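A.B. asks: Mind folding the following:
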Amino acid sequence: MPSNSKNIAELLNTDTTIAVTDVADGSITTAKLAADAVTAAKLADDSVVTANIVDGNVTAVKTTGVGRGKNLIINGAMQVAQRYSASSGEGTVTGLQDGYGGVDRFRLSGDTAARATVSKTNANTTPENGFKSAVKIDVTTASGTLSAGNYHYLGYRFEGRHLQHIKKGTSSAESLTLQFWVRSPKTGTHILQIYDNDNNRGISQAYTVSSANTWEKKVMTFAGDTTGTLDEDQNYSLQLYWWLAAGSDYTTGSLRTSWASWTANGTAAGQVNVLDNTSNDFYLTGVQMEVGTNATDFEHRPYHEELHSCMRYYINTRSGGNSYGGIQMDRSVYANYAYGYTSFPAEMRNKPSITFYDGSGNAGSLTENGAGHNRGCVANSHSSHGIAGAESNGTGTGHFSSGAGAGYHLMGTYIADAEL
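C.D. replies: This is a model prediction of the structure:
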């Protein structure tokens, strides 16, 4: 013990402050510290350095929610909106009942009579929530009366291979914590559901909107499911549902708040009808789902990273409108074929469907240099990595030219779709 070290009696009788030099090296052990006795406020800035940490003391459990990659949601800040409308703007899809529209990765699904304009919007977001973009569902055709089996929700789908670490279907299944900002035209009960498509299982929770047309943050934790493993592949395994409207098949009975085999009964008990008036607008942003029971700070990712992740599912080279900047091929010596490899900016989930657009915006065609627009064609050789060729199908203004020196190049843009 250092010569200036003191015993406990001396410290208690004479000192009100214990200096570092009063304490012998190694004399304070973990066993001598009360639980939670050492808080962040009691540690000086930069006082804990790498040399102070014993090897193996920082485990995965102790770093849950720390660092990059904790948010399982792609585009949760609603930055990316590749579905472009020249007349309506970025991310806008009008008259939508069922399908993708608005921001990437979020899908409107349902069969009610309602129709909506779904878009990315910078309006009605507040600096306080830290998000400048949101997905907006603007009801343009209302559905005030619902049949028993009617449903509508805003959904987000996951590939199974992206969720293996949640250990679903094992005794070590992880809890999941979801947070989001919502602005609903209706007060009262709204339902958030998780659905396991691989095993037909589900769980629901209610959240309450206290003030209509006001941004509110919601946080909810779902217990891990020890039944039903998720397939380790690129297919649709899990989905989040933000319910918007539900018929009596879904609202009858008690809300199903524990994991169980899915049935309609009780899936959306208490859900208000967000789609019953054309003045209704529903907004969502700041979506984060992470492993564990704590909602940590939102993981803001750069736009280019989110765009690259979104391109695994959907690539739109037409975002700037009509152009020749997406693809170019050379006419083959074989009649009605053109070749020239175009790599996708990201490997897609699987082999996508391809739609070509010529320089005038005609779908299903390319522009033939020196011969004219609207040469109808389809991709005839492509994979999840890119497009190698096109085949003329004779639609539009006809087949590719065959005369020497005429129309050597075929140009335009494309959309590649590999959504779940």
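
A.B. asks: Break down the stretch 201-350 of the chain into its strands, ranges please.
C.D. replies: 201-209, 216-222, 236-246, 260-261, 281-291, 314-316, 327-331, 337-343 (DSSP state E, counting those that start in this stretch).

A.B. asks: for those, which one sits closest to Val135?
C.D. replies: Smallest distance to Val135 across the strands of the stretch 201-350 of the chain (CB to CB): 5.3 Å, for strand 281-291. For the C-beta atoms, the positions are set from N, CA and C on the backbone; glycine is no exception.

A.B. asks: Need the CA coordinates for the closest one. CSV is fine.
C.D. replies: Extracted in CSV, the C-alpha atoms of strand 281-291 (Å, rounded to 0.1, in the frame of the first residue of the first chain):
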residue,chain,number,x,y,z
ASP,A,281,-53.8,12.5,-44.5
PHE,A,282,-51.6,9.9,-42.7
TYR,A,283,-47.9,10.5,-42.2
LEU,A,284,-45.0,8.2,-41.0
THR,A,285,-41.3,8.7,-40.5
GLY,A,286,-38.4,7.9,-38.2
VAL,A,287,-39.0,4.2,-38.3
GLN,A,288,-36.4,2.1,-36.4
MET,A,289,-36.5,-1.5,-35.4
GLU,A,290,-33.7,-3.0,-33.3
VAL,A,291,-32.8,-6.0,-31.3
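
A.B. asks: quick one: average pLDDT of that strand?
C.D. replies: Mean pLDDT, strand 281-291: 97.

A.B. asks: next one: stretch 155-167
C.D. replies: For stretch 155-167, mean pLDDT is 98.

A.B. asks: dump the residue contacts of Gly386.
C.D. replies: By CB atoms under 8 Å, 6 or more residues apart in numbering, the residues touching Gly386 are Tyr341, Thr342, Ser343, Phe344.

A.B. asks: can you give me phi and psi for it?
C.D. replies: phi 170, psi -180 (degrees, to the nearest 10).

A.B. asks: burial count for the nearest residue to it once chain neighbours are set aside?
C.D. replies: Nearest non-adjacent residue to Gly386, counting by CB to CB, 6 or more residues apart in numbering: Ser343, 4.2 Å away. By other CB atoms under 10 Å, the residues close to Ser343 number 9.

A.B. asks: Same question for the one 3 residues further on.
C.D. replies: Other residues within reach of Ala346, judged by other CB under 10 Å, total 17.

A.B. asks: Lys70 too?
C.D. replies: Neighbour number of Lys70 under other CB under 10 Å is 18.

A.B. asks: Next: Gln79.
C.D. replies: The burial count for Gln79: 22, using other CB under 10 Å.

A.B. asks: show me the contacts for it.
C.D. replies: Val103, Ser133, Tyr303, Glu306, Leu307 are the contacts of Gln79 under CB under 8 Å, 6+ apart.

A.B. asks: pLDDT score for the fourth one?
C.D. replies: At Glu306, the model reports a pLDDT of 98.

A.B. asks: Repeat that for the third one.
C.D. replies: Per-residue confidence for Tyr303 comes out at a pLDDT of 97.

A.B. asks: do the first one as well
C.D. replies: Confidence per residue is given as pLDDT, and for Val103 that number is 96.

A.B. asks: and of the strands of the stretch 201-350 of the chain, who's closest to Pro185?
C.D. replies: strand 281-291 (6.1 Å).

A.B. asks: So the chain: which segments form each domain?
C.D. replies: Listed by automatic domain parsing, the domain ranges of the chain are 8-63, 84-301, 314-417.

A.B. asks: Let me know which of those is the nearest to Lys70.
C.D. replies: For Lys70, the closest of these is domain 84-301, at 4.8 Å, according to CB to CB.

A.B. asks: Make TSV from the strands of the stretch 201-350 of the chain and add distance to Ala379 to it.
C.D. replies: Listed next are the strands of the stretch 201-350 of the chain as TSV, based on distance: least, CB to CB, whole Å:
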stretch	distance to Ala379
strand 201-209	38
strand 216-222	41
strand 236-246	24
strand 260-261	41
strand 281-291	33
strand 314-316	13
strand 327-331	9
strand 337-343	10
